[in-house]
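Chemist: Here is my input, please return the structure:
(3 chains)
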Amino acid sequence: MKIECTLNGQRKTLDVSSTRRLLDILREDFHLTAVKEGCGEGECGACMVLMDGKAVNACLIPAGNLMGKEIVTPEGFKESPRGKIIEEALIEAGAVQCGFCTPGFVMAIESLLNEHPHPTEENIREGLSGNLCRCTGYQMIFKSVRLAEEKGAGLW
Amino acid sequence: MKMSISKSINRTDAKGKIWGETPYLGDIAFDNPLYVKTVRSNQSHARISAIHIPTLPEGYWVIDKSHIPGKNYMKTVVSDHPILAEDEVLYIGQPILLVAGPDREKVYGLSKEIRIDYEPLPAVYTLEESEKQGMVFTDYTLSKGNPVEAFSQAEKILQDEYSTGLQEHVYLEPQGMAAEFKEDTVFVYGSMQCPFYVEEALTEALNMPADKIRVIQTTTGGAFGGKEEFPSLIACHVAIATCVTGHPVILIYDRDEDILSTTKRHPSLVRYKVGLDKNNTLTVLDIDILYNAGAYAGISPVVLQRGIFSSTNVYNFQHIRVRGRNFRTHTVPSGAFRGFGAPQSIFAMEMLMHNIAISLGLEPIDFKMKHCLKQGDTSCTGGKIHDKIILPELLERALTLSEYRKKIQTHKPFTGIGLSLFLHGCGFTGNGEQTIRGKIILQKKGKDVLIKVSSVEMGQGADTILRKIVAHTLELPIHHVQCEVRDTGLIPDSGPTVASRTVMIVGGLLQKAAEEMKSRWDTEENLEISKVYHHPDFLVWDNDTFTGNAYPTYSWGVNVAEVAIDPISYAIQVKKITAVYDVGRAIDERTLRGQMEGGIVQGMGWATIEVMHADEGTLVQRTLTDYKIPTSTDIPDIVCDFIENPYEFGPFGAKCAGELPFTGPAPAIAAAVSNALGIPIKELPITPEKLLEMKNDED
Amino acid sequence: MVNGYHPKDLIEALKIRAEVSCIPLAGGTDLMVQNARGTGLSPNFDKPLLFVGHLPELRHIEKKEGFLHIGPSVLLSEMLSHPFIPETFKKAISQMASPPTRNLATLGGNICNASPAGDTLPFLYAMDAELILENHAFDRRIPIEEFICGPKQTELKSDELLTDILIPTTLFPVSYYKKVGQRRGMSLTKVSFHGLAEIVDGYVEDLRMAFGSVAPTVVRSRDCENSLIGEPVSTLKSRFNEIWELYEPSIQPIDDARSTATYRKNVCYNILKDFLTHLENIKEIYNE
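Modeler: As a prediction, the model looks like this:
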């Protein structure tokens, strides 16, 4: 199937099997390896990307559902002002340990702040509930959201 | 003035991880690799009577036990797990064959086409059944004082029983290894805690000298003990596959395969017979510890040893007999997991103390503190506790921070508060540190320093912390201190990254080397200093009788848990955990907090929602949809504090930290649930199913 | 072999349905997991996929002639932010899966997946929701209770698509939703319950009760509901055991990876009791 979509700001025409997972397309065809596979069943959030600005798990998306979509991976978000703020906040909060879940959390935090520029405690917990982290116990990730909210005031 | 070592710095590996630029094994591109898929047993216990392999297309291989150049077992404490099954399989998921080829789709297809005929053999699934049939792997006993005499003098004798369940590590990065042959050397890459364990396993499996094997750790996405001994098995698989095929090979588990086939926390059963005197003091304990080792013994003997040596927890009892046994069942092997056997026996002891206190109408804190160890007392192995014990201060701080005394008086129905005291023996058990004698090298080249150790970064912050210890000692900016790649061809064996030993033992050696380097800094442009670990002289240990100092020192903790229970579903919500620790001194407070908070949440998962059981050897929870670890909406508020109590032989006074926080939450939560519902808790995980059943039985 | 069709509109989609045996896929959050085979391998479907998530005709939310019409390809996250969706339905949806999954999953998918644990279903059953099924020539209207005939089984014919979901706009002043999962975040349901009621002058004017995950399909006992309509609310507490006896036979849960049959039944008892014995105190329940 020929699929037209936008990937990290560039228009692409994919010629792939319509059942191929976005996760495999990103990692194998485009070498965008910030998108990690932790479970392959939408439970862990390690493969999270933005699709039309919303956080989604790339392992659950067949190529056929990409038609006309705009996909952003951590690689495509890195140099944005919001990306830089989230990076700073994660480092300062001590929210990175093994790091396997972290790019997914970056996507989740972006999506969360996009929806709630001044999130409540409940918003933060709920907004990150699609991402598993086994190292940190989440507290420092919560803190990073607060730091990003402060440091990036006006950006979201 | 020099900044305190405890003041937090930014992790050196954070940025690359945030943007996914740091490569994990699956992110590395190999040159025309073959993909390897494991064909596994679907039987709990059976003899393999025939294997039917379809015609293989060119460039595809099926590898079995006959391809193994060396010995067909994975080298570990007890080397009984075949690399690929011989004629018999002992658990569902046991590796039998490997299929290798360039196209994943074809490899997958071939692995499905292979048929294996089995003759089923009798299988045993539970600890109780295994005990009945005498399927014991290991049987240890230790004793202190005169328990027989003490029982005869006891005023009151009580008996009780406690149990805990399976737990899966759920490191976010599944297990994986890759291998390639370059000239005459086998290179093995993968996610691991112990590069030299892997190297040792490979020398035996390949029948090759260590200098023809290079084991290179790739960025490791979490481990928690799950990547201690298990990676050796798949390292053997890829190394054999690369030898057979002559191509680079990659083997990365999918999550369901990882859950199915990798090691788990030992399920446990602990039985007590205890004697009290007329003052309600526990004078004598007979403790019978049973751990379910699964199908193979593997690393279980040392897990059991730690379970036994930790079984009296923070308490001083005069007369003790502890028997510990590992049993075989036809289930996936149990292995190393944060806490390494101690959380099970400590949970049992804490709940025993709690339940006895409640049954006697005493406040559990008072009853517990009456029995607490003091400096100069001896542990259950008779080893003198040399260091200052500040447990009363930890307790007082935890009680104040949590307002425990007020809350226990005023708690509403279906809410509760509970407390646990716990310790962790630092470093290897017994004379382990003395046996392995970890070695480190510190190299100076001009203004730059290179750390050479085999202790790995696996998420816990080892790279940052070890560099910080050296940089701080040398008064250098941290970017002038780097860690060598964990490549067994380039590093000395500083020991495995286990037993919470990295900071205390390896960091301690690095600090010594850095001090020496500092004294020679100005005069020598290039310099290499190596250090080997020596146990402090006053520590004694007899491994035959299990007497002496089982550990060089201990770290300590107090947890207070607050819970709310849904009166309809009996679901437990852990609202808050207050934790106070003595880990000597923090090398980096934020990194330390990261360990503590992560350990608390993992411990909470073990105690509550992480339900895993096997039905006749088949795991019922096989995916992350069915096996649930805590999410951001499940976790409690965590208040975490430290009281400094520097340890003379640790770097800057640091003791162990990584495993300690895992142990506290389970008994604290169990005590809180017990407080909320007025029923004793003796089993983990504490599920709503069991609570509702207990309440219904009560009515 | 063609393994996917991407029609430009509903007419084309129905034409494909008529000509080819295929699997309609909207968000894919269930189908992609059920057919997953691991890293680097595309999920294996025994028939080609028909992508319907993007079809504009299936993405409406509107009110017409006493019904709220929801297109089957509307995302769960879109429903959460739409003013027409009843708050009590949002409460159920907000506890489904996780935010990223709700950004892909659709209402139609949850219905057609026909899982006993489908979390939109108890509400739809309680509201007597109806579905429009269309093929290239006809459409038919069917109550949701008749559409779902067992776990993973529906009345959808091989040439049909679900094209509309109709929920009566009746307002229930009393609503109660309870989901019991394995944990608070992102979990499949052990037991769920949607209760709706209208109480007038202390008497039960209307009452709807539907349990999820405790039988092959959602359980709603109309006999039990009807026997309580017209009764004074104040007597429900004392009559509870009698009511339970009426309800109990239809609750046939199983043991599975997530819970036990005994537990599920006990929780149903507790939920039903909580709901009925608190009907008197409407405000408390409304705020639940």
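Chemist: distance of residue A:13 from residue A:67?
Modeler: Residue A:13 sits 11 Å away from residue A:67, going by Cβ to Cβ, to the nearest Å. C-betas here are computed from N, CA, C, even on glycine.
Chemist: Residues that sit against both of those two, list them.
Modeler: A:3-4 (Cβ atoms under 8 Å, 6 or more residues apart in numbering or on different chains).
Chemist: More neighbours: which of these two?
Modeler: residue A:67 (18 against 8; other Cβ atoms under 10 Å in any protein chain shown).
Chemist: isn't that one right next to residue A:12, touching?
Modeler: No: using Cβ atoms under 8 Å, residue A:67 is not in contact with residue A:12, being 11.6 Å away.
Chemist: any shared contact partners between these two?
Modeler: Residues touching both residue A:67 and residue A:12 (Cβ under 8 Å, 6+ apart) are A:4-5.
Chemist: Retrieve the pLDDT associated with the residue lying closest to residue B:682 once chain neighbours are set aside.
Modeler: Leaving aside its sequence neighbours, residue B:682 sits nearest to residue B:162 (Cβ to Cβ, 6 or more residues apart in numbering or on different chains; 4.9 Å). We have a pLDDT of 98 for residue B:162.
Chemist: before we move on, what about the one 4 residues further on?
Modeler: The predicted local confidence for residue B:166 comes out at a pLDDT of 98.
Chemist: One more: residue C:285?
Modeler: With respect to pLDDT, residue C:285 has a value of 57.
Chemist: before we move on, back to that, how many other residues sit next to the residue nearest to residue B:682?
Modeler: By other Cβ under 10 Å, the residues close to residue B:162 number 25.
Chemist: Just list the residues touching the residue in chain A that chain C sits nearest to, thanks.
Modeler: Of all residues in chain A, residue A:18 sits closest to chain C, at 2.7 Å by Cβ to the nearest Cβ. Residues in contact with residue A:18, defined by Cβ under 8 Å, 6+ apart, are A:1, A:3, A:62-64, C:3-4, C:6, C:49, C:51.
Chemist: buried set for the helix or strand the residue nearest to residue B:682 falls within?
Modeler: Per DSSP states H and E, residue B:162 falls inside strand B:156-164. For strand B:156-164, a neighbour-count test (16 or more other Cβ atoms under 10 Å in any protein chain shown) marks B:158, B:160, B:162-164 as buried.
Chemist: For the residue of chain C at minimum distance from chain A, which residues are in contact?
Modeler: In chain C, the residue that lies nearest chain A is residue C:4 (2.7 Å; Cβ to the nearest Cβ). Shown here is residue C:4, whose contacts under the criterion Cβ under 8 Å, 6+ apart are A:1, A:17-19, A:62-64, C:48-51.
Chemist: The same query, at a cut-off of 10 Å, please.
Modeler: A:1, A:3, A:16-20, A:62-65, C:22-23, C:25, C:45, C:48-51 (Cβ atoms under 10 Å, 6 or more residues apart in numbering or on different chains).
Chemist: Can you give me the distance of the nearest residue to it once chain neighbours are set aside to residue B:441?
Modeler: Leaving aside its sequence neighbours, residue C:4 sits nearest to residue A:18 (Cβ to Cβ, 6+ apart; 2.7 Å). Using Cβ to Cβ, we find residue A:18 at a distance of 55 Å from residue B:441.
Chemist: And the strands in chain A?
Modeler: Per DSSP state E, chain A carries strands over the ranges A:2-7, A:10-15, A:48-51, A:54-57, A:70-72.
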